[in-house]
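Chemist: Quick one: sequence plus predicted model below, questions after.
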Amino acid sequence: MADQTAERQQVLYLWASGSALDSPVIGWAFHDGTDGAGPQLPDSSPPYATGVDALRAGWMLLQSAQLVPPSPGEEHANAYLEYEFVMVRTCVTIE
Amino acid sequence: MGSSDHLLSTRQMAEFVANGVLRFDALVPGDINERAVEEMARLNAERLAPEGLRPPPTRTPLDYCYPPPSAIGEYLRLPEVRGIITSLVGPDPVFDHDWTHHLPAGSTYLQPLHVDAVTDSVDPTFDIQLFWYPRDVAAGEGGTRFVPGTHLHRVRSSGLDRYQHIVGEEQFAGPAGTVVVFHHGLWHAGQPNPGTGDRWMHKVRLNPTRPQVRRWDTSDLDELHNPSSDHVFAQMMPDSVGQVLRTWHPWMSVTEYRNEQMQRARLWRYLSGDDRYDVDYYLTRLESRATLVADG
């Protein structure tokens, strides 16, 4: 029986130190729908210096963080990493 | 630690406020470390059993936890360890809970990044968690992952799951007997053990029962405690608490960093008893202007 191909998604979360896509990356997470069959991240740490570098490597921007004004009384509270960019790319795998 | 009662120095306290973590390499003597592994294994096996070695009830005064003969008790009663504990949570702390973490060689068990317990209250009081490693943990063998400087962030624990990697995070490696002390809010996670030896760690959480004000060796406090006018864009003391509280962790945005300085200054106000303390004028500027409305 001939091999079948399938599209699978890879997702890369990038967190940056600023709201711009070319701000330095300070955190990342990778989820691989190809289970290792698709291309992997570069060995560098972080894998891309900025989100723009990820675009140049073939990632597509799916979502960027909304800029939410602080609630009164919460102006100086820190919580989660604020500037999140969700990147995706689709890989064709043989199954 | 320089004082005869092993209390922390002002600089160490400031580092704890800035980083949320202090580390003491090979603090626990080898013979206690050796006996501890057997006791930790028993505690692991018998903790939930009807008979055997059990942890103390929550809110047991620390002095009464793990009475002799007990390697864990000996460790908790070491003068060097008690000096650290007293400096951070004052005299008469109580036991919250403990846990032994045993990761056999080759274990793939992976915790997501998390904080313990629940989202914190807004007051500056804090618990400490002592992580004791009775055996060597080699670099690359999966010691506890933690992110310095995260302890004053107000988050829900499960919200941290998605952060697989953060620039500036650390993974513990060090010699047997090392004790790492966390502010209870520090983001951390247990990691797999790709090494060839079993990894053991005892974690204990302690609660203060008395105000945590000036409990350390304050003999150098006057020398290092900067005035509230200390300001990076004006004049500042070159060697001061404020200088330590300016520690900028590489994962912090500019806004996050400045907010963090305010949170650290608030914590230092509590610890030092100086309710006018400030670093880089962020609190004082707002508080001074607010009096105009109040006075008007």
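Modeler: In hand now; what should we look at?

Chemist: From B:W132, how far off is A:P42?
Modeler: According to Cβ to Cβ, to the nearest Å, A:P42 and B:W132 sit 37 Å apart. Quick note: C-beta positions are derived from backbone N, CA and C, even for glycine.

Chemist: The two: which is more packed in?
Modeler: Neighbours per residue (other Cβ atoms under 10 Å in any protein chain shown) separate A:P42 from B:W132, with B:W132 holding more: 28 against 12.

Chemist: List the backbone torsions phi and psi for the more buried one.
Modeler: For B:W132, the backbone dihedrals are phi -110, psi 120 (criterion: degrees, to the nearest 10).

Chemist: wait, what's in contact with it?
Modeler: B:V28, B:A36, B:Y75, B:G177, B:T178, B:V179, B:M201, B:H202, B:K203, B:V204 (Cβ atoms under 8 Å, 6 or more residues apart in numbering or on different chains).

Chemist: and it, what are its bridge partners?
Modeler: Per DSSP bridges, the residues bridged to B:W132 are B:V179, B:H202.

Chemist: for chain A, what are the nearby residues on the stretch 51-200 of chain B?
Modeler: B:152-155, B:159-160, B:162-168 (Cβ under 8 Å from any Cβ of the partner chain).

Chemist: Quick one: buried ones out of those residues?
Modeler: Using 16 or more other Cβ atoms under 10 Å in any protein chain shown as the burial test, these include B:L152, B:H153, B:R154, B:V155, B:L160, B:R162, B:Y163, B:H165, B:I166, B:V167 as buried.

Chemist: phi, psi of the third one?
Modeler: Right, the one you point to is B:R154. phi -100, psi 100.

Chemist: Next: the fifth one.
Modeler: Geometry field for B:L160 lists phi and psi as phi -90, psi -10, criterion degrees, to the nearest 10.

Chemist: so who does the closest residue to it other than its chain neighbours touch?
Modeler: With sequence-adjacent residues excluded and distances taken as Cβ to Cβ, 6 or more residues apart in numbering or on different chains, B:L160 is closest to B:L113, at 4.3 Å. Contact partners of B:L113, counting by Cβ under 8 Å, 6+ apart, are B:R145, B:V147, B:L160, B:D161, B:Y163, B:I166, B:W187, B:H188, B:A189.

Chemist: Chain A: helices as residue ranges?
Modeler: A:51-56 (DSSP state H).

Chemist: so what's the closest residue to chain A within the stretch 101-250 of chain B scoring on pLDDT?
Modeler: Closest residue of the stretch 101-250 of chain B to chain A, Cβ to the nearest Cβ: B:Q164 (3.9 Å). B:Q164 is assigned a predicted lDDT (pLDDT) of 97.

Chemist: Same check on A:M1?
Modeler: pLDDT, A:M1: 62.

Chemist: Narrow the buried ones among the residues of the stretch 51-200 of chain B next to chain A to those in strands?
Modeler: Applying DSSP state E to those, the entries found in strands are B:H165, B:I166.

Chemist: Output the set of residues of chain A in proximity to chain B.
Modeler: A:13, A:15, A:17-18, A:25-30, A:45-46, A:76-83.

Chemist: Among those, which ones are in strands?
Modeler: Counting by DSSP E, those place A:Y13, A:W15, A:V25, A:I26, A:G27, A:W28, A:A29, A:F30, A:Y83 in strands.

Chemist: By neighbours, which of those wins?
Modeler: A:W15 (26 neighbours).

Chemist: what's the closest residue to it other than its chain neighbours in contact with, if anything?
Modeler: Nearest residue to A:W15, sequence neighbours excluded (Cβ to Cβ, 6+ apart): A:G27, at 3.7 Å. Contact analysis of A:G27 by Cβ under 8 Å, 6+ apart lists A:Y13, A:L14, A:W15, A:P46, A:L81, B:Y163, B:H165, B:I166, B:V167, B:W251.

Chemist: ditto for B:Y75
Modeler: Counted by Cβ under 8 Å, 6+ apart, B:Y75 has contacts B:V28, B:I32, B:A36, B:V81, B:W132, B:H202.

Chemist: likewise B:D96?
Modeler: B:T58, B:R59, B:D127, B:V204, B:R205, B:L206, B:N207.

Chemist: Which two of the residues you listed have the greatest separation?
Modeler: Using Cβ to Cβ, the contacts of B:D96 span at most 13.4 Å, a distance reached by B:R59 and B:V204.

Chemist: and A:E84, how many neighbours?
Modeler: Around A:E84 there are 17 residues (other Cβ under 10 Å).

Chemist: who's it bridged to?
Modeler: A:W15.

Chemist: From what I see, it and A:S64 are in contact.
Modeler: Yes. Using Cβ atoms under 8 Å, A:E84 makes contact with A:S64 at a distance of 7.4 Å.

Chemist: Where do the helices of chain B begin and end?
Modeler: Under DSSP H, chain B gives helices at B:10-19, B:30-46, B:71-77, B:79-89, B:221-224, B:241-245, B:254-272, B:282-295.

Chemist: Flag the shaky bits of chain A, pLDDT-wise.
Modeler: Where chain A drops to pLDDT under 70, the residues are A:1-2.

Chemist: again, only this time at 80
Modeler: A:1-3 (pLDDT under 80).

Chemist: Same question for the stretch 151-296 of chain B.
Modeler: B:294-296.

Chemist: tell me the domain boundaries of chain B?
Modeler: Listed by automatic domain parsing, the domain ranges of chain B are B:10-207, B:225-295.

Chemist: Take the ones you listed and write them to a markdown table, including distance to A:D3.
Modeler: Putting the domains of chain B into a markdown table (distance: least, Cβ to Cβ, whole Å) gives the following:
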| stretch | distance to A:D3 |
| --- | --- |
| domain B:10-207 | 31 |
| domain B:225-295 | 43 |
